[in-house]
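S.K.: Here is a sequence together with a model predicted from it:
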Amino acid sequence: MAEFLQFLVSGLTVGAVYALVALGFTLIYNASGVVNFAQGEFVMLGGMVTVFASAAGVPLPLAAVIAVVAAVVIGLLLHRLAIEPARGASAVTLIIITIGASILLRGLAAIVFDKQFHKLPGFTGEAPIDILGAAVQPQSFWVLGGTAVVVVALYVFLEHTLLGKAVLATAANRLAARLVGINTTTIMALAFGGSAAIGAIAGILVTPITLTNYDVGTLLALKGFAAAMLGGMGNPLGAVVGGLLLGLLEAFGAGYLSSTYKDAFAFLVILIVLFAAPQGLFGRRAVERV
Amino acid sequence: MKSQTTLKMMLAAGAFSVAMSHGAHAQDTVKIGSVLSVTGPASFLGEPEDKTLRLYVDKINAAGGVAGKKLELVIYDDGGDANKARTFATRLVEDDEVVAMVGGTTTGTTMAMIPVFEDAEIPFISLAGAIEVIDPVRKFVFKTPHTDKMACEKIFEDLKKRNLTKIGLISGTDGFGASMRAQCVKVAPNYGMEIVADENYSPRDSDMTAQLTKIKNTAGLQAVVNPGFGQGPAIVTRNYAQLGMNTIPFYQSHGVASKSFIDLAGAAAEGVRLPAAALLVGDKLPANDPQKKVVTEYKQAYEAATKQPVSTFGGHAYDGLFILVEAMKRANSTDSGKIRDEIEKTKGFVGTGGIVNMSPTDHLGLDLSAFRMLEIKGGDWNLVASGS
């Protein structure tokens, strides 16, 4: 039982981060149809800016705010300087632009910061808490709680505000949204800023557990993308479920099966799911209107 | 009109003097090549190596060079890519015409470059860790870092002294971790070690509690060894403490032998043991230790020049460069073949990594005494007194 709980908690913690990255993917995908492969770099920026700001003497909460603001600014710049000028281009072109942006951001981070790994102290100490025999880092609760807050906030924003509804409308049909007077360019900028903020929050929450350096984003983007695909690209609920599921698959795979093949195991399950349901668990069936 | 002629003459004179100085330059210098992974995933190895080579070549030249000639260092950055490394190796041999090479940051890049230098019959002192570089012995290939096999043997020697024989392995699946795991499994029977748990993690994993829980619940477990490098071992160490496994002796490898490991693992690193070069504990070595002088001087020079803490990786480059320079002095020649013969005759060379005694069958020349067993206490390295 203790063993099971240990795997469960570590799976959920890692999964929550995948979920946040997947949410970032979803938000931009909905608003623009682009899969933003620079999503992992927002996570990296969140962690690295917080580390360097707090090393410079800024108190941790303020450093975290600075990191989120910095990520949002870079998200907006990414949209304004790279995506917006190419707005007529196909989705594939835009995706390649985001890959280029991700390489650029990583390179800049290596120069502006450094190439070393860095850590942050746990927000509420580092003494593990015993839950029925499973040792849990207090930071795990921060990660899980933070993810829950972000998910709820995003839900409220999308369902209960006019601006949120405009995002949903743009996602549903961009042309129609523009016809009823929604400024879709603003909505896209909002999506980039929002997903940068979500990514940065994920980076700040998880750095005390996983450490960070200039290229942590690469793998997180890959895992987050897999989670988004598993849940169904474009569905926020699917992103969260997909992320948590991927984390759990990895933890239980490593714990009960073989740690050598745990990544292979997780991706195998994803492949099987996608064979059975190509739209992912919660994906919309794509309908081409003729 | 007159001014034009003057100008032409000046230009001609300028060109002539450039040509002259170039010619003179070529006669008084000898080229040493290097291909390092200064950027890319192995940059934390390549960067200190690059800085060390540049620093000491300048120092050697300021002191008059080697055998009356100045050294000219040609460094290329392969970014950790074996294909690029091979291209640069060919360039060093064909375009730059170097007499010898000190470099090859990773085992991958080194293995890719070996055929180039073997064919060209140019001595190649590698800075890569794995034993494959010098086993089997190749005529022109040498290396300075300790091998992973020696690290396993040193750890097992210490375990044996503590009467611990049932061990668990948790290894990174990267090249370093996988290679060291294989060597540990191979030499374990020689020390009466029984491997009761054998788990792995990917180098970029962010949580290893699942694997450690499995190891923790293995019956009869007496100690755990973590072959790996980079940030992976730091996370393993943190998870180890999180799961309350500190009562079980825990060994890291020489792959984490840098101050950043202690910083990243924090309090969790207390009590962790690892084999490492004397360089890390230069200030704690007894005054009569033969390596004391070399390691403290290198540490001071490196830290003064770069403002960064010294790492064993830069030390490997220091050893490689000075093994080469000493060989060139003895050979009193810039002939690659003669230099090679002298490198192989290196005896009693005191470097940062240990005391090097090469032979035609041993192109590394280090024994287990090159490793010191360290224990992390109070956030710093401490020598483990032999016998405890």
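M.R.: Cool, got the structure.
S.K.: Quick one: classify the closest residue to chain A within chain B as helix, strand or coil.
M.R.: Taking CB to the nearest CB, chain A has its nearest neighbour within chain B at B:Ser206, 3.4 Å off. (Each C-beta comes from the backbone N, C-alpha and C, glycine too.) B:Ser206 falls in the coil class when you classify it by DSSP: H, G, I helix; E, B strand; the rest coil.
S.K.: State the phi and psi torsions of it.
M.R.: Main-chain dihedrals, B:Ser206, degrees, to the nearest 10: phi -110, psi 0.
S.K.: neighbours around it, how many?
M.R.: Neighbourhood size, B:Ser206 [other CB atoms under 10 Å in any protein chain shown]: 23.
S.K.: who are the neighbours in contact with B:Pro123?
M.R.: Residues in contact with B:Pro123 (CB atoms under 8 Å, 6 or more residues apart in numbering or on different chains) are B:Ala100, B:Met101, B:Phe117, B:Phe140, B:Phe142, B:Leu324, B:Ala327, B:Ser336, B:Ile339, B:Arg340, B:Ile343.
S.K.: if we can go back for a sec, leaving out the residues flanking it, which one is nearest to the residue of chain B closest to chain A?
M.R.: Nearest-residue entry for B:Ser206: A:Thr210, 3.4 Å, with adjacent residues in sequence omitted and distances by CB to CB, 6 or more residues apart in numbering or on different chains.
S.K.: Now for the residue of chain A found nearest chain B: which residues touch it?
M.R.: Closest to chain B within chain A is A:Thr210: 3.4 Å, counting by CB to the nearest CB. When contacts are counted by CB under 8 Å, 6+ apart, A:Thr210 touches A:Val17, A:Val216, B:Ser206, B:Asp207, B:Ile235.
S.K.: How about A:Gly47?
M.R.: Per CB under 8 Å, 6+ apart, neighbours of A:Gly47: A:Ala67, A:His118, A:Leu120, A:Gly203, A:Ile204, A:Val206, A:Thr207, A:Thr212, A:Val216.
S.K.: Would you mind putting the residues you listed into TSV with distance to chain B, neighbour count and pLDDT alongside?
M.R.: As requested, these are exported to TSV (distance: CB to the nearest CB, whole Å; neighbours: other CB atoms under 10 Å in any protein chain shown; pLDDT from 0 to 100):
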residue	distance to chain B	neighbour count	pLDDT
A:Ala67	18	28	96
A:His118	8	22	90
A:Leu120	11	23	90
A:Gly203	12	34	95
A:Ile204	14	29	95
A:Val206	7	30	93
A:Thr207	10	26	93
A:Thr212	9	27	91
A:Val216	8	26	89
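S.K.: tell me which parts of the stretch 151-290 of chain A are close to chain B?
M.R.: Taking CB under 8 Å from any CB of the partner chain as the test, the list of the stretch 151-290 of chain A residues beside chain B reads A:206, A:209-211, A:213, A:215-216, A:219, A:250-252, A:254-255, A:259-260, A:262-263.
S.K.: which residues does B:Cys184 contact?
M.R.: Contacts for B:Cys184 (CB under 8 Å, 6+ apart) come out as B:Asp148, B:Cys152, B:Ile155, B:Phe156, B:Leu169, B:Ile195, B:Val225, B:Pro227.
S.K.: any idea where the strands of the stretch 1-150 of chain A begin and end?
M.R.: Counting by DSSP state E, counting those that start in this stretch, the stretch 1-150 of chain A has strands at residues A:129-131, A:134-136.
S.K.: Hmm, the residue of chain B closest to chain A is touching B:Gly232, no?
M.R.: No: at 9.6 Å, B:Ser206 and B:Gly232 do not qualify as touching, with contact defined as CB atoms under 8 Å.
S.K.: so where's the stretch 151-290 of chain A uncertain?
M.R.: A:284-290 (pLDDT under 70).
S.K.: on that earlier part again, show me which of the contacts of B:Pro123 is closest to A:Ser102.
M.R.: Nearest to A:Ser102 among those: B:Met101, at 35.2 Å, using CB to CB.
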